[in-house]
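1. I would like to see how this sequence folds:
(chains A, B, C, D, E and F)
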There are 4 protein chains.
Amino acid sequence: MEFSNNNSIYLQIADRLCEQILSEEISGEDRIPSVREFAADIQVNPNTVMRTYGLLQDQGILYNKRGIGYFVSEKAKQIVMKTKKEEFIQESLPELFKMMDLLNIDFNELENIYQTSVKHQN
Amino acid sequence: MEFSNNNSIYLQIADRLCEQILSEEISGEDRIPSVREFAADIQVNPNTVMRTYGLLQDQGILYNKRGIGYFVSEKAKQIVMKTKKEEFIQESLPELFKMMDLLNIDFNELENIYQTSVKHQN
Amino acid sequence: MEFSNNNSIYLQIADRLCEQILSEEISGEDRIPSVREFAADIQVNPNTVMRTYGLLQDQGILYNKRGIGYFVSEKAKQIVMKTKKEEFIQESLPELFKMMDLLNIDFNELENIYQTSVKHQN
Amino acid sequence: MEFSNNNSIYLQIADRLCEQILSEEISGEDRIPSVREFAADIQVNPNTVMRTYGLLQDQGILYNKRGIGYFVSEKAKQIVMKTKKEEFIQESLPELFKMMDLLNIDFNELENIYQTSVKHQN
DNA sequence: GTGGTCTAGACCACC
DNA sequence: GTGGTCTAGACCACA
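-> A predicted model of the protein is given here:
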């Protein structure tokens, strides 16, 4: 796994897990890899993974069975959905719209780019 | 001037100057405040302002007349426009579309939010 | 390490690192000393070393692994070579030839000085 | 007149005057423009020109007749020649040869470039 | 441990 | 007055 330099690694890992939960690649009650295993897998310091798991646990997205491992909680998708949506609407979008204004990009142009990008996904 | 904690101060200052260039509050060949003056103005250490000015100079947005001060370069707006637009299209937009996909937000919904936010600006 | 007064310290450090890269004392993927370590080593403030590392990172000569340290990038030698060679041919040489002209030094004389200086290196 | 950012302006002016003396564009006992006149001519602060004249006066290249102006001294060319030649051989050349070594440029290559540049002057 | 940022204060060359 | 550099020391997030 590759990491950008803008964001801290443990947050990038968290984001990736959240995406997998949203897209249901992993879902309620699945066991996720152990800290060490995951760390080895993505070539990262175990402390870093620990930090990710801790964060997601605090948010109720993961839970821990002592001695066994970490699991995706039943409400995980719901929580992630809510959190991300709030963040998206209240933080990302306003910034985005402001940028569009400064760059003189109107909504039609945005729609064009969107249609194009959707086609490319097929 | 107030600063958020997510981003370093010197970058926030840079962003602010770029916005002023885009909105033509300051434009080609204008002299901008001296390092010390600006620093006092926004209650920040001169070194921090120096860092901002240096960064923008490296990007060709500002230039320096020795012993006189910093000036907005003729092509400043053009450079800022290009840089920010690339960043927007290659980084912000893909993330936006990905997020819309994951959060099940379709384009109509986005447009609604956009229209609302535009109204609020007036 | 000793520093001349003509040039700023952080640039002299950068030059030294570049020379070591050219002469392959340090090469692709090597880790270089941490900011603090290097600073202590050459008796200079950490900020000054930080500035050097930052500069070389901007040029693609160094890169950073978060929390681990700075490394010489794979293409470092290539980049340094290209940069320095351009600088040499487009700036140093024209000045050299102009100076030779003004000082009435012909090419044979230059060659003599060169041969002498080469001998002294052995 | 345009100035580079690497060197202080007053030194660039001094260099230019020295070149004109070496090439005999201006020579022994010529009167050179007054500080104000020259400053206006090259669009520079009079203090800066003052500094140049002062420097060259200290080196015996210019002399001043009070109330009349600055003049090129009789031995000007001789002095400039000696000073520049020493500087050239003891400072510029060693640095140049070191660079050639690091960049793997041998003397033949240098000669080729020289021949080419000489042709282009004709 | 690593880098990154910021402050405070100093000194210098230069215009 | 201007920028430019450097030091000392602090604090923080991160691996």
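2. For burial, what's the neighbour tally of the closest residue to residue A:1 other than its chain neighbours?
-> Excluding the flanking residues, the one nearest residue A:1 by CB to CB, 6 or more residues apart in numbering or on different chains is residue A:42, at 4.2 Å. (C-beta placed from N, C-alpha, C; glycine too.) A count of nearby residues for residue A:42, using other CB atoms under 10 Å in any protein chain shown, gives 17.
3. Also the one 10 residues further on?
-> Per other CB under 10 Å, the neighbour tally for residue A:52 reads 25.
4. Identify the residues contacting the one helix or strand it maps to?
-> In this assignment (DSSP states H and E), residue A:52 forms part of helix A:46-58. When contacts are defined by CB atoms under 8 Å, 6 or more residues apart in numbering or on different chains, helix A:46-58 is touched by residues A:9-11, A:13-14, A:17-18, A:35-36, A:38-39, A:42, A:62-64, A:70.
5. what do you get for stretch A:91-100?
-> The contact list for stretch A:91-100, computed with CB under 8 Å, 6+ apart, reads A:105-107, A:110, B:84, B:88, B:92, B:95-96, B:99, B:113-114, B:117-118.
6. May I see those residues organised as CSV, with secondary structure, distance to residue B:4 and pLDDT added?
-> Putting those into CSV (DSSP: H, G, I helix; E, B strand; the rest coil; distance: CB to CB, whole Å; pLDDT from 0 to 100) gives the following:
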residue, secondary structure, distance to residue B:4, pLDDT
A:105, coil, 24, 91
A:106, coil, 28, 89
A:107, helix, 27, 89
A:110, helix, 25, 90
B:84, helix, 18, 94
B:88, helix, 20, 93
B:92, helix, 18, 91
B:95, helix, 19, 90
B:96, helix, 21, 91
B:99, helix, 21, 90
B:113, helix, 22, 90
B:114, helix, 23, 89
B:117, helix, 20, 83
B:118, helix, 24, 78
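7. just those residues now: which is nearest residue A:26?
-> Of all the contacts of stretch A:91-100, residue A:26 sits closest to residue B:99, with 18.7 Å by CB to CB.
8. from chain A, which residue is nearest to chain D?
-> Closest approach between chain A and chain D, counting by CB to the nearest CB: residue A:5, at 29.9 Å.
9. Make sure that residue is actually in contact with residue C:64.
-> Yes - judged on CB atoms under 8 Å, residue A:5 makes contact with residue C:64 at a distance of 7.4 Å.
10. So for these two, which sits in the more crowded spot?
-> residue C:64 (13 against 10).
11. Which residues are in contact with the residue nearest to that one when sequence neighbours are not counted?
-> Nearest residue to residue C:64, sequence neighbours excluded (CB to CB, 6+ apart): residue C:70, at 5.5 Å. For residue C:70, the contact set (CB under 8 Å, 6+ apart) comprises C:31, C:32, C:34, C:35, C:53, C:57, C:62, C:63, C:64.
12. Just the pLDDT for the second one.
-> Note on residue C:32: pLDDT of 97.
13. how near is it to residue D:19?
-> 42 Å (CB to CB, to the nearest Å).
14. Check the third one too.
-> Applying CB to CB, one obtains 47 Å for the distance of residue C:34 from residue D:19.
15. returning to what we had before: just the ones in strands from the contacts of residue C:70, please.
-> Counting by DSSP state E, these place C:62, C:63, C:64 in strands.
16. got the contact list for the last one?
-> For residue C:64, the contacting residues are A:5, C:53, C:57, C:70, C:71, taking CB under 8 Å, 6+ apart as the criterion.
17. So the residue nearest the centre of chain A, which state does it fall into?
-> Compute the mean C-alpha point of chain A, and by CA atoms, centre = their mean the closest residue is residue A:15, 2.2 Å away. Classification of residue A:15 by DSSP: H, G, I helix; E, B strand; the rest coil places it in helix.
18. my guess is residue A:74 contacts residue A:28, does it?
-> Yes - the pair residue A:74 and residue A:28 qualifies as a contact (CB under 8 Å) at a distance of 4.6 Å.
19. so what's residue A:66 scoring on pLDDT?
-> Residue A:66 is assigned 86 on the pLDDT scale.
20. mind checking which helix or strand of chain A has the lowest mean pLDDT?
-> Counting by mean pLDDT, DSSP states H and E, the weakest-scoring helix or strand in chain A turns out to be helix A:107-121, with a mean of 84.
21. Can you give me the buried ones in that helix?
-> A:110, A:113, A:114 (16 or more other CB atoms under 10 Å in any protein chain shown).
22. same for chain B: which of those residues are within range?
-> With CB under 8 Å from any CB of the partner chain as the criterion, the buried residues of helix A:107-121 include A:110, A:113, A:114 near chain B.
23. In this structure the last one contacts residue B:108, no?
-> Read that as residue A:114. No - the pair residue A:114 / residue B:108 is not scored as a contact, 11.5 Å apart, by CB under 8 Å.
24. Can you classify the residue of chain A positioned farthest from its centre as helix, strand or coil?
-> Here chain A reaches farthest from its C-alpha mean at residue A:104, the gap being 30.0 Å by CA atoms, centre = their mean. Here residue A:104 is recorded as coil under three-state DSSP.
25. quick one: it from residue B:27, how far?
-> Residue A:104 is 16 Å from residue B:27, where distance means CB to CB.
26. Pull the number of nearby residues for residue A:63.
-> By the criterion of other CB under 10 Å, residue A:63 has 14 neighbours.
27. Report the contact partners of it.
-> Residue A:63 touches A:57, A:70, A:71, A:73, counting by CB under 8 Å, 6+ apart.
28. How confident was the prediction at it?
-> 93.
29. what bridges to it?
-> Beta-bridge partners for residue A:63, by DSSP bridges, are residue A:71.
30. Chain B versus that one, what's the distance?
-> Distance from residue A:63 to chain B, counting by CB to the nearest CB, to the nearest Å: 22 Å.
31. Which one (most neighbours) among the contacts of residue A:63?
-> In terms of neighbours by other CB under 10 Å, the contacts of residue A:63 top out with residue A:70 at 22 neighbours.
32. Can you give me the distance of it to residue A:80?
-> In terms of CB to CB, residue A:70 sits 15 Å off from residue A:80.
33. what do you get for residue A:63?
-> 14 Å.
34. is stretch A:6-22 up against DNA strand E anywhere?
-> No - residues of stretch A:6-22 contacting DNA strand E under CB under 7 Å from any atom of the strand: none, with a closest distance of 10.3 Å.
35. near chain B at all, that stretch?
-> Yes - counting by CB under 8 Å from any CB, contacts between stretch A:6-22 and chain B involve A:19, A:22.
36. Any buried residues in that stretch, and which?
-> Applying 16+ other CB under 10 Å to stretch A:6-22 flags A:8, A:9, A:10, A:12, A:13, A:14, A:17, A:18, A:19, A:20, A:21, A:22 as buried.
37. Next up, the contacts around the fourth one.
-> Listed by CB under 8 Å, 6+ apart, the contact set of residue A:12 reads A:3, A:4.
38. how much space between residue A:66 and DNA strand E?
-> Residue A:66 is 28 Å from DNA strand E, where distance means CB to the nearest atom of the strand, to the nearest Å.
39. re the thing from before, what pLDDT does the model give the residue nearest to residue A:1?
-> 91.
40. Who are the contact partners of it?
-> Residue A:42 makes contacts with A:1, A:13, A:49, as judged by CB under 8 Å, 6+ apart.
41. how does it look with 10 Å?
-> A:1, A:2, A:3, A:9, A:12, A:13, A:16, A:33, A:48, A:49 (CB atoms under 10 Å, 6 or more residues apart in numbering or on different chains).
42. Pick the one among the contacts of residue A:63 closest to DNA strand E.
-> Relative to DNA strand E, the closest of those is residue A:57; by CB to the nearest atom of the strand it sits at 22.3 Å.
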